[in-house]
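K.L.:
The sequence and its predicted three-dimensional model are supplied below.
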Amino acid sequence: METLEEMQTRHRKEQKDLQSRVTQKKKQATKKTRKGVNTECGELERQLKDKQEQERAALSGEPAPEAETIPDLDESVEEPTAPHTNGVNGVSKALENTTISEPAASEDGQPRKRNRAKERLARRAAEQEAAVEEAKKEAANQPDKKTVERNKMLAQFKEKGLVEKGIRPDGHCLFNAVADQLSQVGIPLGAESEEELREDQRYKVVRKAAARYMEGHPDDFVAWLDEPLDQHVEKIRDTAEWGGHLELLALAKTYNVEICVLQDGIAQTIEPDQKGSKEAEKIWLAYYRHNFELGEHYNSLRKAP
């Protein structure tokens, strides 16, 4: 069976051979016969084009395009009868046996020709437009995740008597939120002088505290990391790397606090798991997944007045 590449090679040869013969025929035409020769050559080119389109459709398994209706050129013009593999020879033979005569023509002197390529493009454009409209309808019927999440959070705040303290949305939000909560319950952040740090810079002390605990207790964290512990610790201590559950666990143990995280209608508690006479203080965070452009975000939750 002929492959696609073989068929394309044959098609190019057929087109080249036909073009050469058509050019020669037009050169030999006189002023009186030029119009008829041009029309006949155009018909032969269209015949070859239709034949090749049908062959491509048959090879790809698509429905073969309808053949165009071609006006009769002359009784002496014969249809090529050779098989597809010798299509150019059949067309050439028909051209050689053609006698020149004045063909019937339309008002503009040329038979009308359908532009199948434009028709296909128009169909595809219509299908794509319909698909886009359908997608818009489906999106309109989907619940707004941002609104749903916000409503659930507000219900939780009201139930637990909390109000939200907004934290700047960036990679430091978890650590800034924890710093705000620690200040609310009177727990010092660390050895560094807090007076020397602006309120929005206190995350630096909290970051160092989390990194220090993780570095000193590798067995608690190594199994949960996708990178070496020392690399992760360096990111947490010195960059704006986002913090998550592991960092909250380290901070709960460092400051001996019970961290309660409200998210999407549920509450998660991270306990310090330390034995001692002093009861652990409870601090509250709000965790969002859909309400902020940068993605995940933590806010501080204070007791309502």
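P.N.:
Great, that's in hand. Model, not experiment: these values are computed from the prediction. Residues are numbered from 1 along each chain as shown.

K.L.:
surely R150 meets F292?
P.N.:
No: at 11.0 Å, R150 and F292 do not qualify as touching, with contact defined as CB atoms under 8 Å. No exception for glycine: its C-beta is placed from N, CA and C like everyone else's.

K.L.:
Who's the closest spatial neighbour of E247, skipping the chain neighbours?
P.N.:
In space, and not counting its chain neighbours, E247 is closest to A210: 4.8 Å by CB to CB, 6 or more residues apart in numbering.

K.L.:
Could you look up the SS state of that neighbour?
P.N.:
Three-state call for A210 (DSSP: H, G, I helix; E, B strand; the rest coil): helix.

K.L.:
Distance check, it against G216.
P.N.:
With distances taken as CB to CB, to the nearest Å, A210 is found 11 Å from G216.

K.L.:
and stretch 220-230, how far from the chain's centre?
P.N.:
32 Å (CA atoms, centre = their mean, to the nearest Å).

K.L.:
Return the set of buried residues in that stretch.
P.N.:
Neighbour-count burial for stretch 220-230, counted by 16 or more other CB atoms under 10 Å, picks out F221.

K.L.:
can you dump the C-alpha coordinates of the helix or strand V163 falls within into CSV?
P.N.:
Here V163 is covered by strand 162-165, with elements defined by DSSP states H and E. In CSV, the C-alpha atoms belonging to strand 162-165 read as follows (Å, rounded to 0.1, in the frame of the first residue of the first chain):
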residue,chain,number,x,y,z
LEU,A,162,-12.6,35.8,65.9
VAL,A,163,-11.7,38.8,63.6
GLU,A,164,-9.2,38.8,60.8
LYS,A,165,-6.0,40.7,60.9
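
K.L.:
average pLDDT across it?
P.N.:
Per-region confidence: strand 162-165 scores 96 on mean pLDDT.

K.L.:
can you tell me the average pLDDT over the helix or strand following it?
P.N.:
Later in the chain than strand 162-165, the nearest helix or strand by DSSP H and E is helix 173-184. What helix 173-184 shows for mean pLDDT is 96.

K.L.:
can you check stretch 19-39 too?
P.N.:
83.

K.L.:
Any idea how far apart the tips of it sit?
P.N.:
14 Å (CA to CA, to the nearest Å).

K.L.:
quick one: buried residues of it?
P.N.:
21-22, 25, 29, 35-39.

K.L.:
Quick check: the residue nearest to E247 touching L249?
P.N.:
No: using CB under 8 Å, A210 is not in contact with L249; the gap is 9.0 Å.

K.L.:
Right, I'll call it a day here.
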